[in-house]
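K.L.:
Here is my input, please return the structure:
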Amino acid sequence: MPTLVTGTTGQVGRRFVPRLLAQTRPGERVRVLLRDASRADRFAGLGADVVLGDLRDDEVLGKAVAGVDAVVNVAASFRGVPDEEAWAVNRDAAVSLGRAALSAGVRRFVQVSTGIVYGTGRGRPLVEEDGIRPGGAMWGAYGESKAAAEWELLALDGGMEVRVGRLPFVYGEGDPHLADSLRWAAQWAPAQRLQMGHHADVAQGLLRLLYAPAVNGPLYNIADDAPVTAVELHQLNGVEVPADMHTRTDPDPWFGIMSTQKIRRDLGFRPVYPTVWTARDAGAL
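P.N.:
Numbers count the residues shown, from 1 in each chain. Prediction:
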């Protein structure tokens, strides 16, 4: 199964590709799409084929998907970028990649998405059958564009199977994302929670979506077992809890909290790091 991966220089992609390469069998190949030629040697050294170019260039997409059986679209633009860039990468480029893949005869397309697409909470853990309800503290161009990409990719007609992995807040292995969480958590109520997922478990979930011969519907949540509170995020980062945090209330206690029952039942997913504390104790932060 020749597989194309995009977004390989991002925090998720550059940790996913080595794990994908470790799963390949004799004769299987992994291809990566890169904009920065200076990073090509690293991926070539790992054993990947490299295509240079921009995800937003249709000619490049045609070269990238030629002869490929599967695509894993990790590419995303979300932190501190203008709204128009978020839409251009997260929806427009993703859909163009999907169409190019379909035209090239790709059999399986794994779209990396986010739990933010659910929008507001439901008073319980979010399940894949829940529709999108725009809103919540994290809602914006990122969530909207990712939701739109899901919808358009799943609507493609022509025989290519699209599978979607909805990720939580991803951390671990030196990713600065955990420290970045304080930008939001410093303003939260003490018990306000963040759904987490270690890079090792995100990769595990995506690999299961890529390789499983059959799935029960296209959508799957990927996350660990224990959302972390605002107080715990401060403790993990070694930062003092704001003095006024105890005066705040959580406006949406179930915002972003996802059930993983489906991926556990269907695909045998079990987190390597069930909690962030497990990862901390293992030295995997």
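
K.L.:
What are the contacting residues of stretch 99-111?
P.N.:
With contacts defined as CB atoms under 8 Å, 6 or more residues apart in numbering, stretch 99-111 is touched by 4, 58, 61-62, 64-73, 94, 98, 149-150, 153, 156, 158-165, 206, 209-210. Every C-beta, even on glycine, is put in place using the N, C-alpha and C of the backbone.

K.L.:
Hmm, residue 74 is touching residue 114, no?
P.N.:
No - Residue 74 lies out of contact with residue 114 (CB atoms under 8 Å); the separation is 11.7 Å.

K.L.:
more crowded one of those two?
P.N.:
Using other CB atoms under 10 Å, the more surrounded residue of residue 74 and residue 114 is residue 74, with 26 against 22.

K.L.:
Report pLDDT for that one.
P.N.:
For residue 74, the pLDDT comes out at 98.

K.L.:
for the protein, what spans make up the helices?
P.N.:
13-23, 40-46, 58-65, 83-87, 94-103, 141-154, 177-180, 182-185, 199-211, 230-236, 261-267, 276-281 (DSSP state H).

K.L.:
quick one: which of those is nearest residue 121?
P.N.:
Residue 121 lies closest, by CB to CB, to one member of the helices of the chain: helix 141-154, at 13.6 Å.

K.L.:
Show me what that closest one is packed against.
P.N.:
helix 83-87, helix 94-103, strand 108-114, strand 161-167 (3 or more CB pairs under 8 Å, 6 or more residues apart in numbering; DSSP states H and E).

K.L.:
buried residues in it?
P.N.:
141-150, 152-153 (16 or more other CB atoms under 10 Å).

K.L.:
Next: stretch 227-239.
P.N.:
227-234, 236.

K.L.:
how about those residues in a markdown table, adding pLDDT and distance to residue 51?
P.N.:
Below are the buried residues of stretch 227-239 laid out as a markdown table (pLDDT from 0 to 100; distance: CB to CB, whole Å):
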| residue | pLDDT | distance to residue 51 |
| --- | --- | --- |
| 227 | 97 | 38 |
| 228 | 97 | 38 |
| 229 | 98 | 43 |
| 230 | 97 | 42 |
| 231 | 98 | 45 |
| 232 | 97 | 42 |
| 233 | 97 | 38 |
| 234 | 97 | 43 |
| 236 | 96 | 38 |
